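Peer 1: no sequence on this one, just coordinates:
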């Protein structure tokens, strides 16, 4: 008897003839494909279940972190030395000692670049990174990757939005987009200047006593009645369903007592809090893990350290180091142009020190909880920094070469993909773009990029056709 059509399309499963015969027999008994595969002890390739993006906004210097260049010209060389990692042959900057110990779980893509100009400033660069679509290349404004994911596959967590940004108040947080998608796909931003403050909470999401009564339930039922009236008057079913999804989401958020638990890091054991490191960044990364644990489909953490009493003149602590990138404290030193105002040097604790500690803790924590196997973790920035140090002892925007990092969801760790030249200025092999990054996420989630999304006017829009998944990640 020939194999059924659904099986012949799955040659990638790699079954023996004996296993195939067992599946054929099992299918006659009415078993589903997963049940058939389980019957013969074979697992199909499983995609990611969730995505956690660590978005360090401002253009992180790749030469000072993931792609050290000790042989570059001495006048432009970083003062931070390369160090060995857990994986022989892979070296990171000495600013990443904790992360070096988990290099066996990381896939480092050192060959990211922008194939066309026009996304070399923070607003359009951020939009490019969040959407995986060049802002100047599309006739329509393309949505964030997270919005597309929420629209296509939704979330198993009914009491929280499918796409959450923590805290969503960085310099370019306004660059998030829903594009042509319904309002229900909009990112929910937690807000919060300092998530390490024990008093921090999301007031708009905390269930209130008046929302536990029959009054709110009655309003929910009234909404359903009004929907039926709108349909009888000729309103679009698609539009109504889009708004219904938005309202249902809000209803679940208002009524579920689990909402506050998902954001409350005060409930975490002290040893866990300590592992992520003190302060805002560690708290943000930890909230990201809690949201993934709650089942939120797509989480973006976009930390910018707040200005506190111990960070004077630190009003914009992102990675836009145009001035005095190697300052031990504030970058506002003699000779600064002002373009790097509000920042501390890249080696300061509130900069790479806190990143190294929190990122290593996050990967380890996810792994120990069994969440890393089903969560694709992406560490990204909108571009890199120039291979040459400028007159203000800083590094400027650079789109010709930079690094992003992946972990989890079956990604093979302990590998470096792509290569840059001696100065870190240009990609030498395996070049990839933000379009490829977006396609990699869609592929890992099992989303069919060949199928378009339809606008409210029934126009098909293809969202992942300009890039290809990065080999070695998928």
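Peer 2: Everything's here; your move. Computed from a predicted structure; not experimentally measured.
Peer 1: could you check how far residue 133 is from residue 280?
Peer 2: With distances taken as CB to CB, to the nearest Å, residue 133 is found 30 Å from residue 280. Yep, even glycine has a C-beta here, placed from its N, CA and C like the rest.
Peer 1: from residue 147, how far out is residue 181?
Peer 2: From residue 181 over to residue 147 (counting by CB to CB), the distance is 5 Å.
Peer 1: ok, the two, which is more surrounded?
Peer 2: residue 147 (26 against 23; other CB atoms under 10 Å).
Peer 1: let me see the contact set for the closest residue to that one other than its chain neighbours.
Peer 2: Nearest non-adjacent residue to residue 147, counting by CB to CB, 6 or more residues apart in numbering: residue 185, 4.1 Å away. By CB atoms under 8 Å, 6 or more residues apart in numbering, the contact set of residue 185 is 143, 147, 148, 150, 151, 162, 163, 178.
Peer 1: can you give me the neighbour number for residue 198?
Peer 2: Residue 198: 7 neighbours (other CB under 10 Å).
Peer 1: for it, helix, strand, or coil?
Peer 2: Under DSSP: H, G, I helix; E, B strand; the rest coil, residue 198 falls in the coil class.
Peer 1: so what does it look like in phi/psi?
Peer 2: phi -60, psi -20 (degrees, to the nearest 10).
Peer 1: dump the residue contacts of it.
Peer 2: residue 266.
Peer 1: can you tell me which residue is spatially central in the chain?
Peer 2: residue 53 (1.5 Å; CA atoms, centre = their mean).
Peer 1: looking at this, it is in a helix?
Peer 2: No. Under the criterion used here (three-state DSSP), residue 53 is strand, not part of a helix.
Peer 1: beta partners for it?
Peer 2: Using DSSP bridges, the beta-bridge partners of residue 53 come out as residue 300, residue 378.
Peer 1: that one reaches residue 303, doesn't it?
Peer 2: No. If you go by CB atoms under 8 Å, residue 53 and residue 303 don't touch, sitting 11.8 Å apart.
Peer 1: state the distance from residue 440 to residue 112.
Peer 2: Distance from residue 440 to residue 112, by CB to CB: 11 Å.
Peer 1: swap in residue 60?
Peer 2: Taking CB to CB, one finds residue 60 at 11 Å from residue 112.
Peer 1: between these two, which contacts overlap?
Peer 2: What both residue 60 and residue 112 touch, as defined by CB under 8 Å, 6+ apart, is the set 384, 402.
Peer 1: any idea which helix or strand carries residue 291?
Peer 2: Secondary structure from DSSP states H and E places residue 291 in helix 280-294.
Peer 1: quick one: distance of that helix to the chain centre.
Peer 2: 12 Å (CA atoms, centre = their mean, to the nearest Å).
Peer 1: go on, stretch 295-310?
Peer 2: 12 Å.
Peer 1: for that stretch, list every residue counted as buried.
Peer 2: By neighbour count, with 16 or more other CB atoms under 10 Å as the criterion, the buried positions of stretch 295-310 are 295-307.
Peer 1: endpoints of it, how far apart?
Peer 2: 36 Å (CA to CA, to the nearest Å).
Peer 1: what do you get for stretch 267-284?
Peer 2: 15 Å.
Peer 1: what do you get for stretch 84-103?
Peer 2: 10 Å.
Peer 1: 21 is where my numbering starts, stick with that
Peer 2: Taking 21 as the first residue, the last one we looked at is stretch 104-123.
Peer 1: who's in contact with it?
Peer 2: Stretch 104-123 has contacts (CB under 8 Å, 6+ apart) with 84-86, 88, 98, 100-103, 124, 126, 128, 366-367, 372-373, 376-377, 379-381, 383-384, 433-434, 436.
Peer 1: please repeat the previous calculation with a cut-off of 6 Å.
Peer 2: With contact meaning CB atoms under 6 Å, 6 or more residues apart in numbering, stretch 104-123 is reached by 84-85, 88, 100-103, 124, 372, 376-377, 379-380, 383, 434, 436.
Peer 1: closest to residue 425 among these?
Peer 2: Residue 425 lies nearest to residue 379 out of those, by CB to CB, at 8.6 Å.
Peer 1: host element of the closest one?
Peer 2: helix 374-388.
Peer 1: tell me the gap between that helix and the middle of its chain.
Peer 2: That offset, for helix 374-388, works out to 15 Å (CA atoms, centre = their mean).
Peer 1: just the buried positions in it, please.
Peer 2: Under the neighbour-count criterion of 16+ other CB under 10 Å, helix 374-388 has 374-387 buried.
Peer 1: got the confidence number for residue 343?
Peer 2: The model reports residue 343 with a pLDDT of 98.
Peer 1: please enumerate the helices of the stretch 321-470 of the chain.
Peer 2: For the stretch 321-470 of the chain, the helices defined by DSSP state H, counting those that start in this stretch occupy 374-388, 454-464.
Peer 1: for residue 347, which of the ones you listed is the nearest?
Peer 2: Nearest to residue 347, of these and by CB to CB, is helix 374-388 at 16.4 Å.
Peer 1: for the closest one, name the packing helices and strands.
Peer 2: Under the contact criterion of 3 or more CB pairs under 6 Å, 6 or more residues apart in numbering; DSSP states H and E, helix 374-388 touches helix 117-120, helix 290-296, helix 300-314.
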